[in-house]
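This is the structure alone, sequence omitted:
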Ligand code: MEV
């Protein structure tokens, strides 16, 4: 078995706007997806997933693209959980030239699916890394990030940025603007995450913003305004000015709300964090449900979130300095 892990992330600034070429600053956190693979000669793909917000299931399907998974949970859940694996395995085949290789794939993840913590990017990065290594090729992190991006791009039908996958492959805080991805310095960030137990549909949310942006000039302006917030945020991070970082996160949340990607539970958690004295709070990722990220060096925000109706889990998140880890 070849085993790799990759971290999830929170967005300090810039989700959604990054899809239209504005900069974004995601930051990797120590919540990981671990993917183990074992090549098989019959060309089949067998996926066993634990903790993907499902009770655990196994899917087996053949080499032919129209083979239907034989499984007893709802097809949409299976589709959500396996599309990224399918597409990642295509990248493995392409990178290694092993067109007919099949795999047993086991996924374990403590990153909730679709909740704004980059679960799909982490699964894609870890699966491509483990898959390529299992057939004798080790990709350097630039190519790994690029191939994981291709995976998201395919599954999200062209509506994906490089932010999640680059951040997951390299770790740390990063700045992404179009094709330009780089690691940046960030001060020690007292990150607290609140999770409402739900998930948004990234493809649908991204499409919703696209429609608004095409329909209303002020929605396009809002996307550009997010870009301005991010540029200010980068300066605040470089200066180590946490108060300003927090103020800009609050602003970023307001702009995302205006674009229709927040939700009642995300707003409740953001306000609970602010009332508890957080330095700043915003939704993270595609929105629609899932997680918020707040900054608070004291225990107050975590405690307040744990008593907030609609918040299922609140936890402190350490920055993940290392992206992909090769475990076996
Ligand atoms: C999703 O985690 C972040 C979005 O900006 C989409 C993307 O960047 O691919 C909404």
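Now that the structure is in, tell me what you want to look at. Just so we're clear, the structure is a prediction, and the values are computed from it rather than from any experiment.

if I've got this straight, residue 175 is in a helix?
No: assessed with DSSP: H, G, I helix; E, B strand; the rest coil, residue 175 is strand; it does not lie in a helix.

thought it was touching residue 181?
Yes: here residue 175 reaches residue 181: they are 7.5 Å apart, a contact under CB atoms under 8 Å. Heads up, the C-betas are built off the backbone N, CA and C, glycines and all.

Distance-wise, check residue 291 relative to residue 200.
Between residue 291 and residue 200 the computed distance is 10 Å (CB to CB, to the nearest Å).

Which one of the two is surrounded by more residues?
residue 291 (29 against 22; other CB atoms under 10 Å).

ok, what's across the strand from that one?
Beta-bridge partners for residue 291, by DSSP bridges, are residue 195.

surely it meets residue 283?
Yes: between residue 291 and residue 283 there is a contact under CB under 8 Å: 7.3 Å.

Need the residues touching each of these two.
Residues touching both residue 291 and residue 283 (CB atoms under 8 Å, 6 or more residues apart in numbering): residue 116.

List the contacts of residue 120.
84, 113, 114, 152, 155, 164, 202.

one more time with 6 Å
By CB atoms under 6 Å, 6 or more residues apart in numbering, the residues touching residue 120 are residue 84.

Which pLDDT value does the model give residue 262?
Looking at residue 262, its pLDDT stands at 98.

tally of neighbours for it?
21.

Do a quick rundown of the helices in the stretch 51-200 of the chain.
Using DSSP state H, counting those that start in this stretch, the helices of the stretch 51-200 of the chain run over 75-96, 119-134, 141-155, 163-170.

and of these, who's closest to the ligand?
Of all those, helix 163-170 sits nearest to the ligand, with 4.9 Å by CB to the nearest ligand atom.

for the ligand, what are the nearby residues on the stretch 51-200 of the chain?
Selection of the stretch 51-200 of the chain residues close to the ligand by CB under 6 Å from any ligand atom yields 160, 161, 163, 164.

Show me what stretch 249-268 is in contact with.
13, 196, 205, 209, 222, 225-226, 229, 270, 280, 282-283, 287-289, 292, 308, 310.
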